[in-house]
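K.L.:
here you go, sequence then predicted model.
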Amino acid sequence: MTSIALRPIADFAALGERWRALEAQADCSFFQSWTWIGCLAEERFPDPVLLEASQGGEIVALALFNRRRFLRETLLLSETGDAIHDGPFIEYNNVLIARRASPALLAACLLAARRQPVGTVRPWLLRRLVLSGVEDATLDAARAAGPVAIRRSVQAPSVDLARLRATGGDFLDGLSANTRYQLRRSERTYAELGELAVHGAATAAEAHCWLDELATLHQATWTARGQPGAFAHPFFARFHHALIDRGMPRGEIDLLRVTAGALVVGLLYNFRFRGRALAYQGGFDYAGAGRHQKPGLTCHHQAIRFAAAAGLDQYDLLAGEGRYKRSLAGDATRLHWLEIGTGSRVDRLARRAVRSLRARWRGREGSATE
């Protein structure tokens, strides 16, 4: 028998111990690890709800939601629903489930998250669930828990380093002739300035300095394009500085700095988890690049070589429509941002009630100003 319960959570330190224990028994992503989930959790989750599934007295599934309440409850998996606190973008999101558990457990957990009480308080309407950055298997399970609205689906391109290692192939051989030409030309022009090299931050202190350097380059590029950039709000940098302190001692953070002699070509902020490198954020010197220099492509190529030399099996460029991702990667995983319960009759009634209340409120405001 499987028991699934939802309850409010207050002791994040105790939860972290249980989460780490289950994490060791699960096939999970870095974004499901306690390194990520537990980072600034007390601040990020103002109304946290824990889902816990047990079999034979042992925990087999955990999920941390944040609850939003306005007429109808919404639970967001591993997110808050606040744009600032969700600025640290999550991907490969899911319920944390032990390997030995039944494949049907995920759907059962999602259904329980919609209908079961939190502690002793039962929702008066089936809850809406928000799942961001989930894979196809989670999408299939979500459909068993209620009507699903897919807000967007994005490819996450990757390089299969294990296959290249097994076949003895060269990474460049799998790229288009145009990409190979641009990469080689770029690296030749950088090499004229000095040796092209990639360095990994050796300490947390060095990683903190390099993240600040990366942020400066990143913001310069994006503000020049009229965009705010990932580091526009201070919380984003604060979260990732805290993540460095959590992940560096576990070998889960790669801050990489690519140089050509004395010139800094760019920096990459990557995660390393269970044989995978995940290219999360970058800052490149586009302003100082020459005509034939491609700092982004060059830095990722050097980082791919760095990951291969470290014996990693995959270099994941994560979700995004950037052309450089498609140019470098031969494989891809589709990730989805979806809602469960949106579009149902209950959801339509709740939305109608909200619109009615808003209309009445606007009417009262108008009367007050006449």
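P.N.:
Nice, I can see it. Numbers count the residues shown, from 1 in each chain.

K.L.:
Arg69 should be in a helix, yeah?
P.N.:
No: per DSSP: H, G, I helix; E, B strand; the rest coil, Arg69 lies outside any helix segment and is strand.

K.L.:
quick check: it vs Leu50, distance?
P.N.:
17 Å (Cβ to Cβ, to the nearest Å). (Glycine included, C-beta is placed from N, CA and C.)

K.L.:
have a look at these two and say which one is more surrounded.
P.N.:
Taking neighbours as other Cβ atoms under 10 Å, Arg69 and Leu50 compare with Leu50 leading, 19 against 10.

K.L.:
what about the helices in the stretch 1-150 of the chain?
P.N.:
Along the stretch 1-150 of the chain, counting by DSSP state H, counting those that start in this stretch, helices occupy 12-23, 34-37, 41-44, 105-115, 136-143.

K.L.:
among the ones you listed, which is the most enclosed?
P.N.:
helix 34-37 (a mean of 22; mean count of other Cβ atoms under 10 Å).

K.L.:
quick one: contacts of that helix?
P.N.:
With contacts defined as Cβ atoms under 8 Å, 6 or more residues apart in numbering, helix 34-37 is touched by 16, 19-20, 23, 30-31, 64, 78, 90, 243, 246-247, 250, 252.

K.L.:
let's see that with 7 Å instead.
P.N.:
With Cβ atoms under 7 Å, 6 or more residues apart in numbering as the test, helix 34-37 has contacts from 16, 19-20, 23, 30, 64, 78, 243, 246-247, 250, 252.

K.L.:
cool, and stretch 189-204?
P.N.:
Stretch 189-204 is touched from outside by 187, 207, 210, 244-245, 248, 254-263, 265, 290, 292-293, 298, 302-303, 306, with contacts defined as Cβ under 7 Å, 6+ apart.

K.L.:
start to end distance for it?
P.N.:
32 Å (Cα to Cα, to the nearest Å).

K.L.:
could you tell me the average pLDDT over it, please?
P.N.:
For stretch 189-204, the mean pLDDT works out to 97.

K.L.:
and it, how far from the chain's centre?
P.N.:
In terms of Cα atoms, centre = their mean, to the nearest Å, the centre of stretch 189-204 is set 27 Å apart from its chain centre.

K.L.:
contacts only, for Phe30.
P.N.:
Listed by Cβ under 7 Å, 6+ apart, the contact set of Phe30 reads 36, 252, 271, 273, 278.

K.L.:
which of those residues fall in helices?
P.N.:
Trp36 (DSSP state H).

K.L.:
and which of the contacts of Phe30 is nearest to Glu43?
P.N.:
Closest approach between these and Glu43, by Cβ to Cβ: Trp36, at 14.3 Å.

K.L.:
distance check, that closest one against Leu22.
P.N.:
Trp36 sits at a distance of 15 Å from Leu22 (criterion: Cβ to Cβ).

K.L.:
now the strands: where do they sit in the stretch 151-300 of the chain?
P.N.:
196-200, 253-260, 263-273, 276-284 (DSSP state E, counting those that start in this stretch).

K.L.:
buried ones among the contacts of stretch 189-204?
P.N.:
187, 207, 210, 244, 248, 254-260, 263, 265, 293, 298, 302-303, 306 (16 or more other Cβ atoms under 10 Å).

K.L.:
check the burial of Lys294 by counting its neighbours.
P.N.:
Look at Lys294: counted by other Cβ under 10 Å, it has 24 neighbours.

K.L.:
leaving aside the residues next to it on the chain, what's closest to it?
P.N.:
Closest residue to Lys294 apart from its sequence neighbours, by Cβ to Cβ, 6 or more residues apart in numbering: Ser186 at 4.1 Å.

K.L.:
and the gap between the one you found and Gln293?
P.N.:
Counting by Cβ to Cβ - Ser186 and Gln293 are separated by 5 Å.

K.L.:
now swap in Gln314 and tell me
P.N.:
From Gln314 to Gln293 the distance is 27 Å (Cβ to Cβ).

K.L.:
His208 against His241, yeah?
P.N.:
Yes: contact criterion Cβ atoms under 7 Å: His208 and His241 qualify, at 5.9 Å.

K.L.:
neighbour-wise, which of the two wins?
P.N.:
Set side by side, His208 and His241 show more neighbours around His208, with 18 against 14, by other Cβ under 10 Å.

K.L.:
nearest to Ala215, of the strands of the stretch 151-300 of the chain?
P.N.:
Using Cβ to Cβ, those put strand 276-284 closest to Ala215, at 6.5 Å.

K.L.:
neighbours of the closest residue to Arg238 other than its chain neighbours, how many?
P.N.:
Nearest residue to Arg238, sequence neighbours excluded (Cβ to Cβ, 6+ apart): Leu40, at 7.6 Å. Neighbour count of Leu40, defined by other Cβ under 10 Å: 16.

K.L.:
okay, which residue is most central for this structure?
P.N.:
Geometric centre of the chain, nearest residue: Ile90, 2.2 Å, by Cα atoms, centre = their mean.

K.L.:
what about the stretch 151-300 of the chain, any weak spots by pLDDT?
P.N.:
Nowhere does the stretch 151-300 of the chain drop to pLDDT under 70.

K.L.:
you'd agree the residue nearest to Arg238 is up against Ala242?
P.N.:
Yes: using Cβ under 7 Å, Leu40 is in contact with Ala242, at 5.6 Å.
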